[in-house]
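1. next one to model:
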Amino acid sequence: MTVLKQIRNRASNVLDMLANELIRSEGEGFGKTPRKLMKTKMASPEADVKRLIMTANSLEDIWQFLVERLRSGSEPEFMIFSIVDEVSELFRLRYLALPDTNKNFQGEFIPLCDKSNHFVKTVLRTDTTFTNELIDLGREVLPYLPARSREKENIFSIPLVAGNRTIAVITLGFEALDSFSQAKLSYTYLLRDQLAQVVWNLILQERILNQPQLDNLTGLITYSSFHQVFQKELRRAKFEKYPLSLVLLDINDLKIYNTQYSHQMGDRALARLASIIKHHVRGIDTIARYGNDEIAVIIPETDITCVVQTTEALIEAVNEPHKSVKPFTISAAIVTYPNDSLELDSLMQIAENTLQFGKHKSDETRSSSITLATDLAQASDQDRIEVFTEQIARKYGETGSELFETLMRRIEKDAQLENENLMLETVASLAGAMDAKDKYTRGHSQSVANYAVALSHAVGLLPAEVEKIRLAAFFHDIGKIGIPESILNKPGPLTVAEKEIMDQHPVIGAQQILYPVTALRDIVPLVEYHHERWDGEGHPARLKGENIPMGARIVSIVDAFHALTSDRPYRKAMPLDQAMAILQEGAGSIWDPNLIQKFSDLVQSARCAITV
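-> Now for the predicted structure:
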């Protein structure tokens, strides 16, 4: 028999003996402890449960009752009440009682996969668990405990079990085991089975009541509740004439994170972000689940400098390693009343635009970032259009690296089903091609795909056709993998011979790389003919007018626009107006004139929409 098992059996026997003695004594004290030292008389557990059933309306009522009972006589150093969240597989710390105060934990949780943690051991064992090391409780708990409680303690966690599973845990920490502490342990131990059903009913009730107001994963208020709070805070800020800030925080590339690590890990990341925010904001601030991977914070009565400092502290905390959550990065956007806008809807729209702009910029660095509304106000027209088209593309599907990851999974699946070695080799080529040789290509392809989706929707194409055009735009330059680097990155104009080689890339991409891949065969004509001209003077087939597939005509326009407005090895990016003038000049000869007009309208809309 192990030492731990001996201790557990001995503790169980002691608890049973103490419980029997407590019942026999009927509250007349325990052992030789004088009755005058007792502040209150502890009633029998049976009587207390009956009282609770009649009077308890919430988990907090249960907690307050237990605190009142267990504080009689010599108080525990601390008491903790926690519940088990099986849906998110998290152990959620709820209430803490110290000798001189009661506190609520600010969203702290411990993943149930952390089997070294004392609380998790209790959950898994469904039986009383002992430790005398505070560190076993986890670093989430230690900051809440006073300094005197940070050394060795006698810590007992008693699980409440319903339906053969742990639903909640009561934890008691004592400096020493005396007659009072032993009596309190016995009382709680005897109470636990009957208390479990009451607690379980209240947990279910809490879930039902809070469903419209609180997000189950993060414990934050939902978007609808956030909107009401923001309206109220803005009215108050206007009346009392103080600044009000809104901070939007978004986990970068959450879909890819979920794919790489699992959706459960993504949930943990979001819950961790919510917990970090709760630690860094004040009681007067409001935190809400704003979207799938976004959290909003309303910060009243604070100047922008302090808001930025708080957000920087959040990012530092996010960057700290966590043993149960894989690393992730965030983008943060900050808007402030009255500097950025005076009205609620405008502030929210500016915040969303600023966040999208910040995410667009952070894609280049792959790190956490903070973007102010003033940064967006100073953005170039090109950046505004990038953000506008990316918003449209995200609305209707995946973009950028998310799209690339999805395509890779789809192609791999097809390759495995058809068992074609050529397709497997093509997958490897595609995965490397976006970064191969021409560093410009991958970022260019992502932007062109976003532009293509926006223009396709402006034209009114059906969703299935838009999706084909999105993929074609994303892979339109894949054939450049077959072009020498000396030509791709040449700082000056190409010779006639070099241009003939460069002109081969649509055919190389369409026929040699994409056609063997069953999942991408539908987009082959769109890629192959995206360098055809409206007047029939293009390549490779010299198609003319509407004989050129619609998708290829769209890709041709947006490809040219992004190339003109981007830095290239042989020239700097053109101003937006100059690029649009070139497109207008080529309408009817190089490009479809109707599509050029639609694209011109789209660019103008983007200039107006992404503003402050």
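2. which residue ranges of the stretch 301-450 of the chain form helices?
-> 304-319, 344-365, 373-377, 381-396, 400-418, 421-433, 439-459 (DSSP state H, counting those that start in this stretch).
3. ranking these by mean pLDDT, which is last?
-> Among the helices of the stretch 301-450 of the chain, helix 421-433 carries the lowest mean pLDDT, at a mean of 48.
4. how is this structure carved up into domains?
-> Here the domain assignment for the chain is 3-210, 223-378, 400-609, based on automatic domain parsing.
5. quick one: closest of those domains to Arg384.
-> Ranking those by distance to Arg384, with Cβ to Cβ as the measure, places domain 400-609 first at 5.8 Å. Heads up, the C-betas are built off the backbone N, CA and C, glycines and all.
6. of all the domains of the chain, which lies closest to Ile385?
-> Among the domains of the chain, if distance is taken as Cβ to Cβ, the winner is domain 400-609, at 4.4 Å.
7. may I see the domains of the chain arranged in TSV, with mean neighbour count as well?
-> Below are the domains of the chain laid out as TSV (neighbours: other Cβ atoms under 10 Å):
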stretch	mean neighbour count
domain 3-210	17
domain 223-378	18
domain 400-609	18
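8. any idea which of the ones you listed gets closest to Asn216?
-> Each of these has some distance to Asn216 by Cβ to Cβ; the shortest is domain 3-210, at 6.5 Å.
9. gap between stretch 551-570 and the chain center?
-> 33 Å (Cα atoms, centre = their mean, to the nearest Å).
10. now do stretch 585-592
-> Its chain's average C-alpha position is 44 Å from that of stretch 585-592, according to Cα atoms, centre = their mean.
11. hmm, who's touching stretch 119-131?
-> Residues outside stretch 119-131 that contact it (Cβ atoms under 8 Å, 6 or more residues apart in numbering) are 7-8, 11-12, 15, 82, 84, 91, 110-115, 118, 137-138, 154-159, 161, 164-166, 169, 171, 189.
12. so which of those are in strands?
-> Under the assignment DSSP state E, the contacts of stretch 119-131 contribute 82, 84, 91, 110-111, 154-159, 161, 165-166, 169, 171 to strands.
13. that older thread, mind checking the domains of the chain for the one nearest to Thr389?
-> With Cβ to Cβ, the closest approach to Thr389 among these belongs to domain 400-609: 4.2 Å.
14. want to throw the domains of the chain into CSV with distance to Glu386?
-> Compiled in CSV, these are given as follows (distance: least, Cβ to Cβ, whole Å):
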stretch, distance to Glu386
domain 3-210, 35
domain 223-378, 6
domain 400-609, 6
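15. mean pLDDT lowest for which of those domains?
-> Per-stretch averages of pLDDT across the domains of the chain put domain 3-210 at the bottom, with a mean of 76.
16. return the residues in contact with the spatially closest residue to Gln205 that is not a sequence neighbour.
-> Nearest-residue entry for Gln205: Ser58, 8.0 Å, with adjacent residues in sequence omitted and distances by Cβ to Cβ, 6 or more residues apart in numbering. By Cβ under 8 Å, 6+ apart, the contact set of Ser58 is Leu202, Gln205, Glu206.
17. ok, now how distant is the last one from Gln213?
-> This means Glu206. Distance, Glu206 to Gln213, by Cβ to Cβ, to the nearest Å: 11 Å.
18. equivalent analysis for the second one, please.
-> Using Cβ to Cβ, we find Gln205 at a distance of 14 Å from Gln213.
19. same deal with Val308?
-> Noted for Val308: a distance of 30 Å to Gln213, by Cβ to Cβ.
20. what of Glu320?
-> Distance, Glu320 to Gln213, using Cβ to Cβ: 31 Å.
21. and for Val67?
-> From Val67 across to Gln213, the span is 26 Å (Cβ to Cβ).
22. could you do Leu462 as well?
-> To Gln213, Leu462 is 39 Å away according to Cβ to Cβ.
23. and for Pro506?
-> Pro506 is 55 Å from Gln213, where distance means Cβ to Cβ.
24. re the thing from before, out of the contacts of Ser58, which is nearest to Leu142?
-> Taking Cβ to Cβ as the measure, Leu142 sits nearest to Glu206 out of the contacts of Ser58, at 27.0 Å.
25. for the helix ranked longest in the chain, packing partners?
-> Taking DSSP state H as the criterion, the chain has its longest helix at helix 179-210. Counting by 3 or more Cβ pairs under 8 Å, 6 or more residues apart in numbering; DSSP states H and E, the packing neighbours recorded for helix 179-210 are helix 3-25, helix 45-55, helix 59-70, strand 154-162, strand 165-174.
26. run the chain-centre distance for that helix.
-> The answer for helix 179-210 is 33 Å, by Cα atoms, centre = their mean.
27. so which elements touch the helix or strand just after it?
-> Where DSSP states H and E defines the elements, the next helix or strand beyond helix 179-210 is helix 223-240. Where contact means 3+ Cβ pairs under 8 Å, 6+ apart, helix 223-240 is packed against strand 244-251, strand 286-289, strand 294-300, strand 330-337, helix 344-365.
28. nearest to Gln194, of those?
-> Set against Gln194 and scored by Cβ to Cβ, the helices and strands packed on helix 223-240 come closest in strand 286-289, at 35.6 Å.
29. and the end-to-end length of stretch 488-497?
-> 13 Å (Cα to Cα, to the nearest Å).
30. try stretch 537-550
-> By Cα to Cα, the extent of stretch 537-550 from end to end equals 17 Å.
31. dump the helices and strands packed on helix 223-240 to JSON lines, plus distance to Ala581.
-> Below are the helices and strands packed on helix 223-240 laid out as JSON lines (distance: least, Cβ to Cβ, whole Å):
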{"stretch": "strand 244-251", "distance to Ala581": "36"}
{"stretch": "strand 286-289", "distance to Ala581": "45"}
{"stretch": "strand 294-300", "distance to Ala581": "38"}
{"stretch": "strand 330-337", "distance to Ala581": "33"}
{"stretch": "helix 344-365", "distance to Ala581": "25"}
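32. out of these, which comes closest to His280?
-> strand 294-300 (9.2 Å).
33. so the closest one versus strand 330-337, what angle?
-> Here the directions of strand 294-300 and strand 330-337 differ by 30 degrees (axes from the mean of the first three to the mean of the last three Cα atoms, to 10 degrees).
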